[in-house]
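K.L.:
Next comes the sequence, and after it the predicted model I'd like to discuss.
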Amino acid sequence: MYKNQMMEKFIHGLFLVLGLIAVGCVLLITVYLVISGIPAIKEIGLIDFLFGKEWAPTTSDPAYGILPFILTSIYGTAGAVVLGVPIGFMTAVFLSKLAPPKVKAVMESAVSLLAGIPSVVYGLVGMLVLVPAIRQIFNVPDGASLLASIIVLAIMILPSIIKMSITALDAVPKEYEDASLALGATPIETFFKVSVPAAKSGIAAAVVLGVGRAIGEAMAVMMVAGNVPNMPNSLFQSVRFLTTAVSTEMSYSSGLQRQALFSIALVLFLFIMMINVTLNFFLKRERT
Amino acid sequence: MGKSLTFKRKSFELLMRALMIISTGLTGSLVLFFLIYVLVQGVPNISWEFLTTKPSYLTESIGILPDILNTIYIVIATLALVLPLGVGAAIYLTEYASNKKVVEIIEFAAETLSGIPSIIYGLVGMLLFSNTFGTSLISGALTLVIMNLPTIMRTTQESLKTVPQSYREGAFGLGAGKWRVVRTVVLPGCVDGVVTGCILSVGRILGESAALLFTAGFAHALNGIIEGLAAPGATLTVALYVYAKERGEFGVAFAIAAILMILTLVINFEATLVQKHFAKRRTQ
C-alpha cells in the first residue's frame, strides 16, 4: 500500500513537471532574449538605438539606429490590416450568415488551405508575380517594396481573420437575430447591426491575431521587401522589417553588430508580448 | 416587404450584399490562383530523377532527395519528443491540477508560446541548442518541439474534456488508483486529440522555415536518420528559400512549392477527415 502511494506521488510529480515545461520555455526564451539583447543597447544607448534613423553597422563610423525597421514593421502591419481586415471581415459575415452550407464548406476548406501554405511559397509567388507587376503598373525601377510586402501580408493574415471571425459570429445566439428579424429588420441589417456588435470581442481578437501574424512574419517579407534599411517614406521604397533585420545579417555578422541583432529581436519580442496581452484581453471578454 | 423599405435602407442592403460577395469572391479566387499558379509552374519540373537524387555539381543536376529525407527525419524527431511532453502537460491540466492559479499560469504560457513568431524561435534555438549540438537537424527539431508544444497540449486537452466524468468515477469506484485511471480510462480517450495534434504539427513543421534557417542550416547531404539528425540539413521549405532567393533556381523552387502545396492539401483533407470520423464516433 505504502509503495502504491509513493508511486502515485511520483507520477503526480512527473505530470506536474511536464505541465510546467511550457512555463519553463517561456521563461527561458524571455531570459535568453533579455540577456543577449541588453549589452548592445547599453553600448549604443537606448535613445540612439530606438530612434536613430540610420543603420550602417559595417561602415567606418557605424550607426545602429533601428527606427527605420520599427516604422517599417508598424506601417507594413497597419497597411496589411487596412487591406486585409475589411475583406476578411466581409467574407466571414457572408460565410457565417448568408452562404449556402455547400459554399460555406468549400470556402472554409479553401481558407484552411490558405492558412496552410508555407510562407516561403507566398514569398516565391510574391517575388515572381507581385514584384514585377508593381514595377510595371507603377513604373518604378524595382517592385520589391513596402507595397509588395503589405499586399503579401494582407493575404497571409486573411485566414486567421476569417476563421476567428466566423467562430465568433457562429456563436451569436439565434434568439438575438430572431428578435431583430421579428422587429422588421432585414436579414442584412440584422447581421450588421445585431450579430456583428454581439460578436465584437471575437472579431477584435481576430484582428489582433492578424496584427501578431503580420508583425512576426519573416520569410515571405524577406523575399518581397527588397531588404534595404531605408526609412519607409514611400510605398515604393525598398525596406527592411524588424524580422528581416534579424535574419538578413545573422549568418555573417559578429561582435557588436551581432549583439545589436539580438537587441532588435528583443524589441520585436516586446511588440509581440504587447499584442499577446491585448489578444488575451479580447479572448477573455469573448468567453464571458 | 421589399417595397416598404426606404431608399437609405435599400442602398445599405445592396451595398453590404455587394461588399460581402466581392470579398468572398476575392478570397476564393486568391486561393484558386495560388493553387493553379504554383501547380502549373511546379509540376512540369518534377521528375523521378528530381525526387530521387541529390544535387550534383558534376552533372549540374539538382535533386531534392536529401531535403525530402531531412524533412521526414525532423518530423519524426520533433513528434517523438513533443508528444510525451504535450500529452503529459494536457493530462496534468485536466486530471491532476487542483490549483487554479497554476492552471492559469500554464495556459497563459502555452498561449504566449503560440504567439511568438518563428524567427524568434529560430534565434533562441540557435542560442540554446546550436551552441550545444551544433547547427544540426536535432537542434532544429528541439526548436520545433517548443513551437509545437501548445498545439499538442490544446488538441489533447480538448479531447480529454470529452471523456465523460462518469467513466473516471466508475473506475475510482472500483478501487482504481489515480495513475491506473489515467492509464486505462483517460489515455485511450485522448487518441483523437493526439492524432489531430500530430496532423496539425506535421503541417506546421512542413511549412516552417524561419526557425530552421539558423538552427538546422541548409546542407543537402544524403544521410541515414542517425547521422542525418547530427548533421546540418535543409528541409523542403528551407531548400525552396535557398534555391529561390540565393541561387535564382526558380524552376526548382516552384517544383518544391508544388510538392508542398500538394502536401498541404493532403494534410488539410486528412485533418477534416479525422475530425469527422471522431465526431461521428463520439455521438454514437
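P.N.:
Looks like it came in fine. What you are looking at is a predicted structure, and each value in this text was computed from that prediction instead of being measured.

K.L.:
Find the closest residue to chain A in the stretch 1-150 of chain B.
P.N.:
Proximity of the stretch 1-150 of chain B to chain A (CB to the nearest CB) peaks at residue B:117, 2.5 Å away. (Glycine included, C-beta is placed from N, CA and C.)

K.L.:
got the buried residues for the helix or strand containing residue A:260?
P.N.:
Following DSSP states H and E, one finds residue A:260 within helix A:255-287. Of the residues in helix A:255-287, A:256-257, A:259-269, A:271-272, A:275-276, A:278-280, A:282-283, A:286 count as buried by neighbour count, 16 or more other CB atoms under 10 Å in any protein chain shown.

K.L.:
From the contact counts, what lies against that helix?
P.N.:
Where contact means 3 or more CB pairs under 8 Å, 6 or more residues apart in numbering or on different chains; DSSP states H and E, helix A:255-287 is packed against helix A:2-44, helix A:46-51, strand A:63-64, helix A:67-93, helix A:200-216, helix A:242-250, helix B:100-115, helix B:118-125.

K.L.:
ok, then the element right after the last one?
P.N.:
In this case it means helix B:118-125. Next helix or strand after helix B:118-125 toward the C-terminus (DSSP H and E): helix B:131-133.

K.L.:
ok, and what's touching that next one?
P.N.:
The set of residues external to helix B:131-133 that reach it, using CB atoms under 8 Å, 6 or more residues apart in numbering or on different chains, is B:139, B:142, B:230.

K.L.:
For those, could you give me CSV that also reports distance to residue B:38 and neighbour count?
P.N.:
CSV is the format used below for the contacts of helix B:131-133 (distance: CB to CB, whole Å; neighbours: other CB atoms under 10 Å in any protein chain shown):
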residue, distance to residue B:38, neighbour count
B:139, 30, 26
B:142, 31, 21
B:230, 33, 15
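
K.L.:
Please narrow those to those residing in helices.
P.N.:
Those of the contacts of helix B:131-133 mapping onto helices are B:139, B:142, B:230, per DSSP state H.

K.L.:
can you tell me how far the first one sits from residue B:239?
P.N.:
Relative to residue B:239, residue B:139 is positioned 17 Å away (CB to CB, to the nearest Å).

K.L.:
same deal with the last one?
P.N.:
In this structure, residue B:230 and residue B:239 are separated by 19 Å, where distance is defined by CB to CB.

K.L.:
secondary structure element for the closest residue to residue B:268 other than its chain neighbours?
P.N.:
Once flanking residues are discounted, residue B:268 sits nearest to residue A:112: 5.0 Å by CB to CB, 6 or more residues apart in numbering or on different chains. Assigned by DSSP H and E, residue A:112 belongs to helix A:101-116.

K.L.:
so what secondary structure elements neighbour that helix?
P.N.:
Applying 3+ CB pairs under 8 Å, 6+ apart, we find helix A:101-116 packed against helix A:146-170, helix B:7-42, helix B:250-283.

K.L.:
per-residue confidence averaged over the next helix or strand after the second one?
P.N.:
Proceeding N to C from helix B:7-42, the next assigned helix or strand is helix B:48-52, under DSSP H and E. The predicted model assigns helix B:48-52 a mean pLDDT of 78.

K.L.:
Between the helices and strands packed on helix A:101-116, which one is closest to residue B:63.
P.N.:
Comparison of these against residue B:63 by CB to CB identifies helix B:250-283 as nearest, at 9.4 Å.

K.L.:
in that closest one, what counts as buried?
P.N.:
Within helix B:250-283, the residues that qualify as buried are B:250, B:252-265, B:267-268, B:270-271, B:278, counting by 16+ other CB under 10 Å.

K.L.:
and if you look at stretch A:96-110?
P.N.:
For stretch A:96-110, a neighbour-count test (16+ other CB under 10 Å) marks A:96-99, A:104, A:107-110 as buried.

K.L.:
Any stretches of the stretch 1-150 of chain A with poor pLDDT?
P.N.:
Applying pLDDT under 70 to the stretch 1-150 of chain A flags the ranges A:1.

K.L.:
Close to chain A: what parts of the stretch 151-284 of chain B are there?
P.N.:
B:153, B:177-179, B:182, B:203, B:206-210, B:213-214, B:237, B:240-241, B:244-245, B:250, B:253-254, B:257, B:260-261, B:264-265, B:267-268, B:271-272 (CB under 8 Å from any CB of the partner chain).

K.L.:
can you do 6 Å?
P.N.:
Proximity of the stretch 151-284 of chain B to chain A (CB under 6 Å from any CB of the partner chain) is limited to residues B:177-179, B:203, B:207, B:209-210, B:214, B:237, B:240-241, B:244-245, B:253, B:257, B:260, B:264, B:268.

K.L.:
State the distance from residue B:131 to residue A:197.
P.N.:
From residue B:131 to residue A:197 the distance is 52 Å (CB to CB).

K.L.:
meant to ask about residue B:106
P.N.:
If you go by CB to CB, the gap between residue B:106 and residue A:197 works out to 34 Å.

K.L.:
Over to residue B:205?
P.N.:
From residue B:205 across to residue A:197, the span is 40 Å (CB to CB).

K.L.:
what do you get for residue A:274?
P.N.:
26 Å.

K.L.:
For residue A:87, list the residues it contacts.
P.N.:
Contacts here follow CB atoms under 6 Å, 6 or more residues apart in numbering or on different chains; on that basis residue A:87 touches B:23, B:26.

K.L.:
The stretch 1-150 of chain B against chain A: which residues are in contact?
P.N.:
B:13, B:16, B:19-20, B:23-24, B:26-28, B:31, B:85, B:88-89, B:91-92, B:96, B:106, B:109-110, B:112, B:115, B:117, B:119-120, B:123-124, B:127, B:146, B:149.

K.L.:
buried subset of the residues you listed?
P.N.:
Buried members of these, counted by 16+ other CB under 10 Å: B:13, B:16, B:19-20, B:23-24, B:27-28, B:31, B:85, B:88-89, B:91-92, B:96, B:106, B:109-110, B:112, B:115, B:117, B:119-120, B:123-124, B:127, B:146, B:149.

K.L.:
what pLDDT does the residue of the stretch 101-250 of chain A found nearest chain B get?
P.N.:
Residue of the stretch 101-250 of chain A nearest chain B, by CB to the nearest CB: residue A:216 (2.5 Å). Listed pLDDT for residue A:216 reads 90.

K.L.:
Could you pull up the residues touching it?
P.N.:
Contacts of residue A:216 (CB under 6 Å, 6+ apart): residue B:117.

K.L.:
Over to residue A:69?
P.N.:
A:240, A:242, A:245.

K.L.:
Could you report the neighbour count for the first one?
P.N.:
Taking other CB atoms under 10 Å in any protein chain shown as the neighbour definition, residue A:240 ends up with a count of 26.

K.L.:
Can you report phi and psi for it?
P.N.:
Torsion angles at residue A:240 (phi, psi; degrees, to the nearest 10) stand at phi -130, psi 130.
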